[in-house]
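A.B. asks: Would you be able to build a 3D model of this:
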Amino acid sequence: MRQAPVGSRLLWEMGFLFVLSIAAVALVQHFGGVGPSYADEMEKAADGMSRALAVTVAERGVGGPPLDPVHDVNRTGMIGGLFTSTTSTTGNLAAKRTTTNPDVAGLIVHLFREAGVRGGDYVAVGGSGSFPALLIATLCAAEAMDLRVGLIVSLAASQWGANLDGFAWLDIEAHLAKARMFPSEYGTIAASVGGSDDAGSDLSNVGRAALRNRILAADVRLIEDKDLAANVATRMALYAERAAGRRIAAFVNIGGGWANLGTSAEVLAMKPGVASVGDLPPEDRRGVVHAMAAAGTPIVHLLDIAQLAAAYRLPW
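C.D. replies: Down below sits the predicted model:
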């Protein structure tokens with residue numbers, strides 16, 4: 001593919017960053033009664049997400065999978081494909097687009113504050129490749145609040161997520177690391193193939209092997225427990241190890257990962273935002289959200305994006 005001249009690309013990227021940053025100026029209008037320091041954190045998070053998206057857009061313009069101007073209408077670089085070898089399930093394109101709004105990073109600061117998280121705290125994050133923009137937004141919120149982070153990701157993605165060849169979450173993370181967008185300790189500490197049984201049972205052999213090999217190449221811990229209880233225990237131990245004696249101030253669930261949500265249908269009743277888990281299911285059906293809730297850790301649940309957007313007046 002023929003590339004635009006360097007000067008033109010830089011001008012386009014600067015324009016992209018400016019347009020995305022406009023949203024941060026009006027961010028706090030969504031949330032009444034926010035104090036000045038709180039608002040500063042929200043705006044800093046939104047600005048950080050704008051800059052991070054500019055990095056991913058630039059990377060996709062230089063050797064990465066080309067942007068899809070039809071489906072990624074806002075040119076964020078965060079919209080993947082419909083059918084790929086690493087696509088695990090169906091996905092909602094409008095929901096994926098909604099999560100690319102930099103205001104989402106500010107919203108996550110708001111949710112952290114609502115959950116009782118304060119500067120310097122440690123948060124555990126469990127996400128899937130289905131919502132790469134939410135992963136970025138969470139890291140931007142964490143950096144704005146000077147939080148410590150333990151991040152575990154399942155790579156398989158639903159439609160329109162991080163499901164493009166060469167642009168799975170670990171690839172996106174590598175590009176952001178090269179641009180020094182986040183502290184090095186924000187990097188993924190462990191990853192799984194994801195999808196069915198967290199082992200890619202619903203993927204083709206090609207897709208499953210590609211994700212497994214990507215994890216091994218990244219030199220992060222590979223989680224392959226097909227037993228739910230064992231998988232959850234592994235994740236909880238890794239979060240505790242990264243905490244290094246700190247309390248876990250909150251657990252952020254991003255997407256609908258098997259290990260994070262477990263297999264009880266009751267988890268579907270969890271509302272997005274700072275969530276109440278409700279009654280705990282039997283141990284063999286519990287996910288990380290249940291283990292965290294049982295330990296008294298607040299849950300920030302980032303799923304059902306339509307309901308989340310409506311609750312906080314984010315454009316759909």
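
A.B. asks: What is the distance between stretch 272-282 and the centre of its chain?
C.D. replies: Put simply, stretch 272-282 sits 20 Å off its chain's centre (Cα atoms, centre = their mean, to the nearest Å).

A.B. asks: Please point out which parts of it sit buried.
C.D. replies: Using 16 or more other Cβ atoms under 10 Å as the test for burial, stretch 272-282 gives 272-275, 277, 280-281. Just so you know, the C-beta spots here come from the backbone N, C-alpha and C atoms, and that holds for glycine as well.

A.B. asks: Please apply the same query to stretch 165-178.
C.D. replies: Buried residues in stretch 165-178, defined by neighbour count with 16+ other Cβ under 10 Å: 167-173, 175-176.

A.B. asks: ok, back up a step: in strands only, show me the buried residues of stretch 272-282.
C.D. replies: Mapping the buried residues of stretch 272-282 onto strands (DSSP state E) picks out 273-275.

A.B. asks: dump the residue contacts of the residue lying closest to S192 once chain neighbours are set aside.
C.D. replies: Take S192 and drop its neighbours on the chain: the residue closest to it by Cβ to Cβ, 6 or more residues apart in numbering is I223, 4.2 Å away. I223 makes contact with 152, 190-192, 198, 231, 234-235, 259, according to Cβ atoms under 8 Å, 6 or more residues apart in numbering.

A.B. asks: For stretch 243-256, measure first residue to last.
C.D. replies: For stretch 243-256, the first-to-last residue distance is 24 Å (Cα to Cα, to the nearest Å).

A.B. asks: Contacts for it next, please.
C.D. replies: Residues contacting stretch 243-256 (Cβ under 8 Å, 6+ apart): 108, 112, 115-118, 121-131, 134-135, 138, 147-148, 150, 158, 239-240, 260-261, 288-289, 292, 295, 297-303.

A.B. asks: So which bits of that stretch are buried?
C.D. replies: Result for stretch 243-256 [16+ other Cβ under 10 Å]: buried residues 243, 248-256.

A.B. asks: quick one: A179 from L135, how far?
C.D. replies: Note on A179: its distance to L135, by Cβ to Cβ, to the nearest Å, is 16 Å.

A.B. asks: Those two - which one has more neighbours?
C.D. replies: More crowded of A179 and L135, by other Cβ atoms under 10 Å: L135, with 28 against 15.

A.B. asks: In a helix, that one, correct?
C.D. replies: Yes: per DSSP: H, G, I helix; E, B strand; the rest coil, L135 lies within a helix segment.

A.B. asks: For the spatially most central residue of the chain, give me its contacts.
C.D. replies: Centroid-nearest residue in the chain: L135, 1.9 Å away (criterion: Cα atoms, centre = their mean). L135 makes contact with 125, 127, 151, 153, 169, 254 under the criterion Cβ under 8 Å, 6+ apart.

A.B. asks: in the longest helix belonging to the chain, what's buried?
C.D. replies: Using DSSP state H, we find that the single longest helix of the chain is helix 36-61. Residues 38-39, 41-61 are the ones in helix 36-61 that count as buried (16+ other Cβ under 10 Å).

A.B. asks: Give me the buried stretch members for the helix or strand following that helix, please.
C.D. replies: For helix 36-61, the succeeding helix or strand toward the C-terminus, using DSSP states H and E, is helix 93-99. Using 16+ other Cβ under 10 Å as the test for burial, helix 93-99 gives 95-99.

A.B. asks: what's the answer for stretch 104-120, then?
C.D. replies: Of all the residues in stretch 104-120, those buried under the rule 16+ other Cβ under 10 Å are 104-113, 115, 117.

A.B. asks: And stretch 183-191, by the same measure?
C.D. replies: For stretch 183-191, using 16+ other Cβ under 10 Å, the buried residues are 186-191.

A.B. asks: what's next to stretch 293-301, contact-wise?
C.D. replies: Contacts for stretch 293-301 (Cβ under 8 Å, 6+ apart): 108, 111-112, 115-117, 124, 248-253, 270-277, 280, 289, 292.

A.B. asks: And it, end to end?
C.D. replies: End-to-end distance for stretch 293-301: 12 Å, by Cα to Cα.

A.B. asks: list the buried ones in it?
C.D. replies: Here stretch 293-301 shows 293, 297-301 as buried, counting by 16+ other Cβ under 10 Å.

A.B. asks: Off-centre distance for that stretch?
C.D. replies: The answer for stretch 293-301 is 18 Å, by Cα atoms, centre = their mean.

A.B. asks: same question for that stretch, mean pLDDT?
C.D. replies: On average, the pLDDT along stretch 293-301 is 97.

A.B. asks: List the contacts of the residue nearest to G77 when sequence neighbours are not counted.
C.D. replies: Nearest residue to G77 in three dimensions, chain neighbours excluded: T56, at 3.7 Å (Cβ to Cβ, 6+ apart). Neighbouring residues of T56 by Cβ under 8 Å, 6+ apart: 76-78, 172, 175-176.
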